[in-house]
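1. Quick one: sequence plus predicted model below, questions after.
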Amino acid sequence: VLCVDTTVKAVVSTQSTGIFFYPIESSRCDFVSDSVMLVVRLCLVVALAALGLSEQGCIPLSNQQLMDKLGNGFIAEHMGTNQSFDGNHPLQYNKHGICNSKLIVDQLTDDYFPRFIRHVKCFSEDSTCLTGKTCQTVQAYINILEKKQTLFCDDEGYEQWTTFSLPIGAGCECALDNW
């Protein structure tokens with residue numbers, strides 16, 4: 001049995017039938033020096049990568065599997081797996097007029113899918129457009145996936161992901177000032 005540091009929070013047992021993870025509630029590794037722990041942790045990460053597993057020992061989902069999880073929630077106009085976005089789905093926004101919009105591309109971390117979110121917001125937020133009115137970004141919500149930070153895999157051994165709503169800018173309008 002090999003003891004792994006508290007950032008992994010598990011005891012790892014290597015046997016002929018595979019690598020087994022046993023979650024622990026608190027550190028039981030006090031008897032091992034920090035330098036030994038660093039070497040053990042690095043070896044574990046390399047071994048898991050060689051097996052095609054994530055650090056928590058789960059099989060990573062492919063982009064296609066993640067798209068399937070989102071189902072109809074994957075909106076090509078607003079979402080992309082890279083910065084290029086699909087040229088067949090241009091994002092329409094107001095480039096001219098009383099309240100101009102600008103295109104924004106947010107790059108999220110690997111813990112989110114899709115990683116690239118395209119939306120619009122007002123070029124000059126809160127600028128006066130008519131008497132008593134200002135330019136205001138109109139919000140909409142899209143569903144994206146967030147990787148669960150857990151040691152446990154799903155029933156098939158894959159990483160666990162959960163859906164949540166992300167607010168994005170959907171346009172810019174001349175609206176009454178918020179009091």
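-> Nice, thanks for sending it over.

2. what's the spacing between the residue nearest to Phe123 when sequence neighbours are not counted and Cys129?
-> Closest residue in space to Phe123, ignoring its immediate chain neighbours: Asn100 at 4.2 Å, by C-beta to C-beta, 6 or more residues apart in numbering. The way it works is simple: take the backbone N, C-alpha and C, and place the C-beta from them, glycine included. Separation of Asn100 from Cys129 (C-beta to C-beta, to the nearest Å) stands at 10 Å.

3. For burial, what's the neighbour tally of Thr109?
-> Thr109 is flanked by 8 other residues according to other C-beta atoms under 10 Å.

4. Then Thr81?
-> 16.

5. neighbours around the closest residue in space to it that isn't next to it in sequence, how many?
-> Distances taken as C-beta to C-beta, 6+ apart put Asn63 closest to Thr81, at 5.1 Å, once the chain neighbours are dropped. When counting by other C-beta under 10 Å, one arrives at 12 neighbours for Asn63.

6. In this protein, what residue spans correspond to strands?
-> Ranges of strands within the chain are 2-3, 10-15, 18-23, 79-80, 101-107, 112-113, 116-122, 128-130, 133-147, 161-176, based on DSSP state E.

7. now for the longest one, which elements pack on it?
-> Pointing back at strand 161-176 there. helix 63-70, strand 101-107, strand 116-122, strand 133-147 (3 or more C-beta pairs under 8 Å, 6 or more residues apart in numbering; DSSP states H and E).

8. most packed of these?
-> With neighbours taken as mean count of other C-beta atoms under 10 Å, those reach their highest mean count in strand 116-122, at a mean of 21.

9. Neighbouring strands of it in the sheet, and parallel or not?
-> strand 79-80 (antiparallel), strand 101-107 (antiparallel) (DSSP bridges).

10. If I take that strand and strand 133-147, what angle do their directions form?
-> Counting by axes from the mean of the first three to the mean of the last three C-alpha atoms, to 10 degrees, strand 116-122 lies at 170 degrees to strand 133-147.
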